[in-house]
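**Student:** no sequence on hand, only this structure:
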């Protein structure tokens, strides 16, 4: 019988990054979400600010490394999302590790309301959580991770690409919110303003100060598009969100901006990736035409539990 998975929990980002370094180095595209979010958290804490203190979550933020019988890190997960149901995000994880993680959280009275990440480990984690809590599992969204090794940048439309500034923060925040609502519509789901990543003006300002948010400005000065590109972590940058208001669509702005930022990253020796909703044919078609190719399928699961 194989040994029980060894779960090592961390409550600060730097020790986790040290423990998971070999794993994140070996799988930098799969690990891009965990690496970039954790690195941003570390930078924030080192600057003397902890946004988690404002979240009022009913648990401590955590990271976990899964080790095999020889002590090598073989998987990792984190629970750092600052919005209900505070989902976890996990790298590929075998069933035994996923069940052990669900049992560990249940044993300490921590209800995991959602489990995102690589299939099938994230689904097993959610299923076992639901079973232990007497609830049920809902699959909220099927996502896909793509990588571009080369890119075909289309002709530039009229206008210019520029970094977002702090003065743009209210607009960027509004478009982050609109992005999630319209993504539901495009995928044929009932729009849910409470789903997806929740942002605040402070979190948007952090991204802007890092140089991670870009805008497309029309010749008359009107801003017509938003595109994010994360700071590289382990040599990987992730594009997103990508949002164009309806009145500015059909001009090729999104295709050009994503292609241009992808090309800049590749020319700098950075691996470029992005996520799409598998049920959104529009975005999948656009990114495939640019040169992105499927890398891994992911899932976002929601655990529904009986209310007291």
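**Tutor:** Received it, and whenever you're ready, just let me know what you need. Note that the structure is predicted; figures quoted are calculated from it, not measured.
**Student:** any stretches of this protein with poor pLDDT?
**Tutor:** Filtered on pLDDT under 70, the chain yields the residue ranges 1-3, 181, 183-198, 307-308.
**Student:** domain map for it?
**Tutor:** As given by automatic domain parsing, the domain ranges for the chain are 6-143+299-304, 160-290.
**Student:** end to end, how far does the shortest one reach?
**Tutor:** Terminal residues of domain 160-290 are spaced 19 Å apart (C-alpha to C-alpha, to the nearest Å).
**Student:** run the chain-centre distance for stretch 255-269.
**Tutor:** Shown here is stretch 255-269, whose average C-alpha point lies 19 Å from the average C-alpha point of the whole chain (C-alpha atoms, centre = their mean, to the nearest Å).
**Student:** next one: phi and psi at the nearest residue to residue 305 once chain neighbours are set aside?
**Tutor:** Closest residue to residue 305 in three dimensions, ignoring its sequence neighbours and counting by C-beta to C-beta, 6 or more residues apart in numbering: residue 135, at 3.5 Å. Heads up, the C-betas are built off the backbone N, CA and C, glycines and all. Its backbone dihedrals place residue 135 at phi -110, psi -150, with angles given as degrees, to the nearest 10.
**Student:** so who does residue 4 touch?
**Tutor:** By C-beta atoms under 8 Å, 6 or more residues apart in numbering, the contact list for residue 4 reads 96, 100.
**Student:** now it: how far from residue 57?
**Tutor:** Here the criterion is C-beta to C-beta, to the nearest Å. By it, residue 4 lies 28 Å from residue 57.
**Student:** check residue 160 too.
**Tutor:** Where residue 57 is concerned, residue 160 sits at a distance of 40 Å (C-beta to C-beta).
**Student:** would you map the helices across the stretch 51-200 of the chain?
**Tutor:** With DSSP state H, counting those that start in this stretch applied, the stretch 51-200 of the chain shows helices at 95-107, 121-133, 169-186, listed in chain order.
**Student:** closest one to residue 114 among the ones you listed?
**Tutor:** Nearest of the helices of the stretch 51-200 of the chain to residue 114, taken as C-beta to C-beta: helix 121-133 at 7.2 Å.
**Student:** same question for the closest one: list its buried residues.
**Tutor:** For helix 121-133, the neighbour count (16 or more other C-beta atoms under 10 Å) marks 121-130, 132-133 as buried.
**Student:** now do the same contact list for the residue nearest to residue 305.
**Tutor:** Taking C-beta under 8 Å, 6+ apart as the criterion, residue 135 is in contact with 129, 303-306.
**Student:** just give me the neighbour total for the closest residue to residue 254 other than its chain neighbours.
**Tutor:** Closest residue to residue 254 in three dimensions, ignoring its sequence neighbours and counting by C-beta to C-beta, 6+ apart: residue 244, at 5.1 Å. Number of residues near residue 244 (other C-beta atoms under 10 Å) recorded here: 22.
**Student:** let me see the contact set for residue 244.
**Tutor:** Each residue near residue 244 by C-beta under 8 Å, 6+ apart is listed here: 224-226, 253-254.
**Student:** mind redoing it with 10 Å?
**Tutor:** 175, 179, 182, 216, 224-227, 250-255, 257 (C-beta atoms under 10 Å, 6 or more residues apart in numbering).
**Student:** quick one on the thing from earlier: can you list the domains of the chain in CSV and add distance to residue 149?
**Tutor:** Formatted as CSV, the entries for the domains of the chain read as follows, by distance: least, C-beta to C-beta, whole Å:
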stretch, distance to residue 149
domain 6-143+299-304, 11
domain 160-290, 8
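**Student:** hmm, back to that, quick check on the contacts of residue 244: which are buried?
**Tutor:** When burial is judged by neighbour count using 16+ other C-beta under 10 Å, the buried members of the contacts of residue 244 are 175, 179, 182, 216, 224-227, 251, 253-255, 257.
**Student:** quick one: which of these sit in helices?
**Tutor:** Residues from those lying in helices, with DSSP state H as the criterion: 175, 179, 182, 253-255, 257.
**Student:** which of those residues sits closest to residue 201?
**Tutor:** Minimum distance to residue 201 across these is 12.9 Å, recorded for residue 175 (C-beta to C-beta).
**Student:** wouldn't the closest one be in contact with residue 246 here?
**Tutor:** No - with contact defined as C-beta atoms under 10 Å, residue 175 and residue 246 do not form a contacting pair (11.9 Å).
**Student:** any shared contact partners between the two?
**Tutor:** Common contacts of residue 175 and residue 246, defined by C-beta under 10 Å, 6+ apart, comprise residue 182.
**Student:** residues in contact with the spatially most central residue of the chain?
**Tutor:** Residue closest to the mean C-alpha point of the chain, counted by C-alpha atoms, centre = their mean, is residue 33 at 5.0 Å. By C-beta under 10 Å, 6+ apart, the contact set of residue 33 is 78, 89-91, 116-117, 145, 230, 233, 238, 273, 275, 298.
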